[in-house]
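A.B. asks: Next comes the sequence, and after it the predicted model I'd like to discuss.
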Amino acid sequence: MPTFDKRPIGVFDSGLGGLTVVRALARVMPEEDLVYLGDTARVPYGNKSRETVVRFSTENVLFLLRQGVKMIVVACHTASSYALPFLERHFKLPILGVIEPGVETAIRWTQTGRVGVIGTQATVSSGAYLRTFKRMAPKIKVVQVACPLFVPLVEEGWCTGPLVDQVAERYLKPLKRARIDTLILGCTHYPLLKQTVGRVLGSHVRLVDSAQQVAIKAKELLITQGLARPNGLPTACFNGRFFVTDEPHHFEKMAKRFLGWCPRPILKADVSTT
Ligand code: DGL
């Protein structure tokens, strides 16, 4: 008799961006419930130290555990880069990050063996992508570029237009020079810049958006561990609960852009453990 588990999946991000992962999870597993935590009081993570990101991530996981989740998806690339190994060591439930699924896709897609990665300063400095490529496909040449201005531009709603074009031209120059054929969008916000990045690099460069790949991986993991809900039920319908650590107003305003619909209600979370 197949087993299944009705508990929700937990997803956390430093803020809003992780909603791109929620969107993919809802598409791939509409039968699952989900609890989302956006650490909006402490965003951005992308310019913080490893120690701080590990501490914030641990508090986020503890909060999600209190909500009774069966698995955790770390939607934030910075948190995945700095904190995933620590979280995997210290918690027993399955925890999935966004780095490996993105790398797997890039390895499958690249024809020339030259891959680019863009991310926050912390993600690039952590070396997490470089280590993962080295382990999985050591022959691939990887060029990384930190693009710290991309996150505030997306948060402002400036995903296209002359200003973003100019910033993108400048950041992406080393990737053009390296003649990559595949680029990993290594940050939650960058899928919203696909149009601009795609135009600057040209249509011969394929863009890896990790969200879809993570959702597929999450489903496989739930099935193999006997934690999935049965799909195809007539009543199956995606059900999400959304928490943020700061006042929810800004999140409410911006969520539609990342998710495609407006989640309600958005509740304020207290992640402090003291
Ligand atoms: N969520 C972060 C990431 O994917 C971007 C925003 C931040 O810097 O916190 O790296």
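C.D. replies: Alright, I've got the coordinates. Numbering: from 1, shown residues only.
A.B. asks: So which bits of the one helix or strand Leu130 maps to are buried?
C.D. replies: Element membership for Leu130 (DSSP states H and E) is helix 128-136. Judged by neighbour count (16 or more other Cβ atoms under 10 Å), helix 128-136 contains these buried residues: Ala128, Tyr129, Thr132, Phe133. (Each C-beta comes from the backbone N, C-alpha and C, glycine too.)
A.B. asks: and what of stretch 69-87?
C.D. replies: 69-84, 86-87.
A.B. asks: Give me the distance from it to the chain's centre.
C.D. replies: Computed by Cα atoms, centre = their mean, to the nearest Å, the chain-centroid distance of stretch 69-87 equals 9 Å.
A.B. asks: Briefly note if it comes near the ligand.
C.D. replies: Yes - Stretch 69-87 lies within reach of the ligand by Cβ under 6 Å from any ligand atom, at Cys76, His77, Thr78.
A.B. asks: Just the strands from the chain, written as ranges.
C.D. replies: 9-13, 33-38, 71-74, 95-96, 114-119, 141-146, 182-186, 206-208, 239-244, 266-268 (DSSP state E).
A.B. asks: ok so, going back, among the buried residues of helix 128-136, which one lies nearest to the ligand?
C.D. replies: Ala128 (10.8 Å; Cβ to the nearest ligand atom).
A.B. asks: With adjacent residues omitted, what lies nearest to that closest one?
C.D. replies: Ser81 (3.8 Å; Cβ to Cβ, 6 or more residues apart in numbering).
A.B. asks: and that neighbour, what does it touch?
C.D. replies: Ile99, Gly119, Ala122, Thr123, Ser126, Ala128, Tyr129 (Cβ atoms under 8 Å, 6 or more residues apart in numbering).
A.B. asks: Using PDB, write out the CA atom coordinates for the helix or strand of the chain with the lowest mean pLDDT.
C.D. replies: The weakest-scoring helix or strand in the chain, judged by mean pLDDT, DSSP states H and E, is helix 249-259 (a mean of 86). The C-alpha coordinates for helix 249-259 follow below in PDB (Å, rounded to 0.1, in the frame of the first residue of the first chain):
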ATOM      1  CA  HIS A 249       2.200  45.500   2.900                       C
ATOM      2  CA  HIS A 250       5.200  45.800   0.500                       C
ATOM      3  CA  PHE A 251       5.200  42.000   0.100                       C
ATOM      4  CA  GLU A 252       1.500  42.000  -0.900                       C
ATOM      5  CA  LYS A 253       2.100  44.800  -3.400                       C
ATOM      6  CA  MET A 254       5.100  43.000  -5.100                       C
ATOM      7  CA  ALA A 255       4.000  39.300  -4.800                       C
ATOM      8  CA  LYS A 256       1.900  39.200  -7.900                       C
ATOM      9  CA  ARG A 257       5.000  40.100 -10.000                       C
ATOM     10  CA  PHE A 258       6.800  37.000  -8.800                       C
ATOM     11  CA  LEU A 259       3.900  34.600  -8.300                       C
END
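A.B. asks: Just list what it packs against, helices and strands only.
C.D. replies: helix 19-28, strand 239-244, strand 266-268 (3 or more Cβ pairs under 8 Å, 6 or more residues apart in numbering; DSSP states H and E).
A.B. asks: what's the closest of these to Tyr190?
C.D. replies: helix 19-28 (9.1 Å; Cβ to Cβ).
A.B. asks: List phi and psi for Thr112.
C.D. replies: phi -90, psi -10 (degrees, to the nearest 10).
A.B. asks: Number the chain from 112, please
C.D. replies: Will do, 112 is the new start, and the previous item becomes Thr223.
A.B. asks: For Glu215, see how far away the closest residue to it other than its chain neighbours is.
C.D. replies: Distances taken as Cβ to Cβ, 6+ apart place Asp292 nearest to Thr223, at 4.7 Å, with adjacent residues excluded. Asp292 is 16 Å from Glu215, where distance means Cβ to Cβ, to the nearest Å.
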